[in-house]
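Trainee: here are the coordinates; sequence isn't available:
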């Protein structure tokens, strides 16, 4: 019960803080003071109080997009174990549900973007779908490897499973690298997409949500933060397989870990430039190769 | 993995190092920057040099191989190729015959095939479940891929170096049975050295009809 409560509290309250930490890290690198850590909360609060403006060309799909995105992300959040604690909902095969709930959010973001009829947003949608069909195999190869190591098919038992496997070292490194790339790609962070630009031809995710306003845009922002949080939680479970056994200490490790991950993402964004569009598939295929290689190692 | 219980712990360490070797293969297949490829090849050489120490008991022969390989593959040859790159002023490989993404996918496919293939080989029981044989085939084929798909002569030398690393991994298993063979493998590195020198000399002679590097300098200063 306590675990479920803390899980829900963390999932609901913490994601915007990650974006704040990333922004602060980038500001520190640029020698600026930066927006306060809680800026995203203020933004969300402001957006939720506003009225939404809908274009006359849009249909119900456009209005449904943000709602479905947020709700599917929240359901997915119930499936991911945080730290060493099992998720509130867990059953065999929930890894597929997790992956496809996130695919559903992407689908609705994309068709909501297409629904506006803007060629600009259609371009962003096309790019988003291209990247995600390369990021998905990497995620699935990683999940197959974890399923094979633990012998289970649910995220909780796959991710909280720790065994002194002979391959622990190599596979941890392979999956960490691969999933970090997937995390950056899925959340449209810098080598793939620049979350700060709103008016450039190169952006991917931001261009798709240009027409959303008010609460709808707030939902999208919040869902994006939560998605980052979820991928961070999966990444942490693989990259930091330490288990103390003490519930309180595990929560603390998780919170510190995910904040450190946000700093790592901020550092990546500060030291790297956006990749050329033609180079992005190369990076994603590298992620696929890393995950696939871990699968080969575990299956032989 | 259970059937490996009788093997010493160091074999597992060697296997983990071989995973790093395989990853370096992928990195080289996907990178267009020559200096980066050379550094990756150097790291691979150092790892290979460390490997015999893990799988064979200590002997002067093994120590000699280790030192020779680390110095040769890890430092001397990369430095030479690096110098050649600076001399001919090529920074990266433009337009290889086969793009980086197809090359990377091919490399991954061949690596998977190498794993399947080595499962079927009638190996000595103590080598059966180790990564040495698949890693060796995979590195060999990566070398072939780099050698055949890149346009620049220097990339091809790097490809040859990788190919030769693959042969070395295979030979490592035999270094007690056939020590001469392994040392001959080390000697193959000399061939790489000759290649590099030939490239440098060739480029210079093609552009300036002279092999004298000092004249090259005076030409640039004018």
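Mentor: The structure has been received and is ready for your questions. Everything quoted here is computed from the prediction, not taken from an experiment.
Trainee: pLDDT weak spots in the chain?
Mentor: Went with chain A since none was named. A:162-168, A:197-202 (pLDDT under 70).
Trainee: hm, I was asking about chain B
Mentor: Low-confidence segments of chain B, defined by pLDDT under 70: B:1-8, B:175-187, B:189-190, B:193, B:197, B:199-222.
Trainee: repeat that with 80
Mentor: The model of chain B has pLDDT under 80 over residues B:1-12, B:56-59, B:61-62, B:65, B:84-85, B:87-95, B:123-130, B:151-154, B:156, B:172-222.
Trainee: ok, which residues in it are in contact with chain A?
Mentor: Residues of chain B lying close to chain A by Cβ under 8 Å from any Cβ of the partner chain are B:1, B:4, B:12, B:15-16, B:19-20, B:22-23, B:26, B:30, B:100-101, B:104-105, B:107-108, B:111-112, B:115, B:119, B:134. The way it works is simple: take the backbone N, C-alpha and C, and place the C-beta from them, glycine included.
Trainee: now those: which count as buried?
Mentor: B:12, B:15-16, B:19, B:22-23, B:26, B:30, B:100-101, B:104-105, B:107-108, B:111-112, B:115, B:134 (16 or more other Cβ atoms under 10 Å in any protein chain shown).
Trainee: which residue packs closest to whatever residue of chain B ends up closest to chain A, ignoring adjacent ones?
Mentor: Nearest residue of chain B to chain A (Cβ to the nearest Cβ) works out as residue B:19 at 4.0 Å. Using Cβ to Cβ, 6 or more residues apart in numbering or on different chains and skipping residues adjacent in sequence, the residue nearest residue B:19 is residue A:170, 4.0 Å away.
Trainee: swap in residue A:84?
Mentor: Counting by Cβ to Cβ, 6+ apart, the residue nearest residue A:84 is residue A:250, at 4.2 Å.
Trainee: pretty sure the residue nearest to residue B:19 contacts residue A:297?
Mentor: Yes: using Cβ atoms under 8 Å, residue A:170 makes contact with residue A:297 at a distance of 6.6 Å.
Trainee: okay, these two: which has more neighbours?
Mentor: residue A:170 (24 against 21; other Cβ atoms under 10 Å in any protein chain shown).
Trainee: which residues touch the spatially most central residue of chain B?
Mentor: Geometric centre of chain B, nearest residue: residue B:162, 2.5 Å, by Cα atoms, centre = their mean. For residue B:162, the contact set (Cβ atoms under 8 Å, 6 or more residues apart in numbering or on different chains) comprises B:25, B:28, B:41, B:44, B:139, B:142, B:143, B:146.
Trainee: ok, and the closest non-adjacent residue to the fourth one?
Mentor: In this structure, residue B:44 finds its nearest non-sequential neighbour in residue B:24, 4.5 Å apart by Cβ to Cβ, 6+ apart.
Trainee: what ranges do the helices span in chain B?
Mentor: Secondary structure of chain B (DSSP state H): helices at B:9-30, B:34-55, B:60-69, B:77-88, B:100-120, B:132-149, B:153-172, B:179-208, B:213-221.
Trainee: which positions within the fourth one qualify as buried?
Mentor: Residues of helix B:77-88 classed as buried under the neighbour-count rule (16+ other Cβ under 10 Å) are B:77, B:78, B:80, B:81, B:82, B:84, B:85, B:88.
Trainee: the host helix or strand of residue A:144 packs against which elements?
Mentor: Element membership of residue A:144, judged by DSSP states H and E, is helix A:119-150. Contact analysis of helix A:119-150 by 3 or more Cβ pairs under 8 Å, 6 or more residues apart in numbering or on different chains; DSSP states H and E lists helix A:94-115, helix A:155-159, helix A:168-186, helix A:205-208, helix A:280-299 as its packing neighbours.
Trainee: past the fourth one, which element shows up next along the chain?
Mentor: What it means is helix A:205-208. helix A:214-239.
Trainee: before we move on, the earlier item: of the helices and strands packed on helix A:119-150, which is nearest residue A:2?
Mentor: Closest of the helices and strands packed on helix A:119-150 to residue A:2 is helix A:155-159, at 16.3 Å (criterion: Cβ to Cβ).
Trainee: any idea how far that closest one is from the chain center?
Mentor: Mean-position distance between helix A:155-159 and its chain equals 17 Å (Cα atoms, centre = their mean, to the nearest Å).
Trainee: go on, stretch B:11-21?
Mentor: 16 Å.
Trainee: please apply the same query to stretch A:254-270.
Mentor: 13 Å.
Trainee: residue A:211 is in contact with residue A:118, correct?
Mentor: Yes: using Cβ under 8 Å, residue A:118 makes contact with residue A:211 at a distance of 7.0 Å.
Trainee: the two: which is more packed in?
Mentor: Higher neighbour count among residue A:118 and residue A:211: residue A:211, with 23 against 18, using other Cβ under 10 Å.
Trainee: run through the residues that contact the closest residue to the more buried one other than its chain neighbours.
Mentor: Excluding its sequence neighbours, the residue lying closest to residue A:211 (Cβ to Cβ, 6+ apart) is residue A:116, at 4.6 Å. Neighbour list for residue A:116: A:55, A:57, A:58, A:62, A:211 [criterion: Cβ under 8 Å, 6+ apart].
Trainee: restricted to helices, list the residues you listed.
Mentor: residue A:62.
Trainee: biggest separation within the contacts of residue A:116, which pair?
Mentor: A:57 and A:211 (9.6 Å).
Trainee: nearest the middle, which residue of chain A would you pick?
Mentor: Closest-to-mean residue, chain A, Cα atoms, centre = their mean: residue A:228 / 3.1 Å.
Trainee: wait, that residue touches residue A:17, no?
Mentor: No: judged on Cβ under 8 Å, residue A:228 makes no contact with residue A:17 at a distance of 10.7 Å.
Trainee: what residue of chain A is the furthest out?
Mentor: Farthest-from-centroid check, chain A (Cα atoms, centre = their mean): residue A:56, 31.9 Å.
Trainee: relative to residue A:62, how far out is that residue?
Mentor: Note on residue A:56: its distance to residue A:62, by Cβ to Cβ, to the nearest Å, is 11 Å.
Trainee: give me every residue that touches residue 48.
Mentor: Just going to use chain A. Here residue A:48 is in contact with A:214, A:215, A:218 (Cβ under 8 Å, 6+ apart).
Trainee: oops, wrong one, chain B.
Mentor: Neighbouring residues of residue B:48 by Cβ under 8 Å, 6+ apart: B:21, B:69, B:73, B:165, B:168, B:169, B:172.
Trainee: residue B:54 too?
Mentor: So residue B:54 contacts B:10, B:11, B:13, B:14, B:17 (Cβ under 8 Å, 6+ apart).
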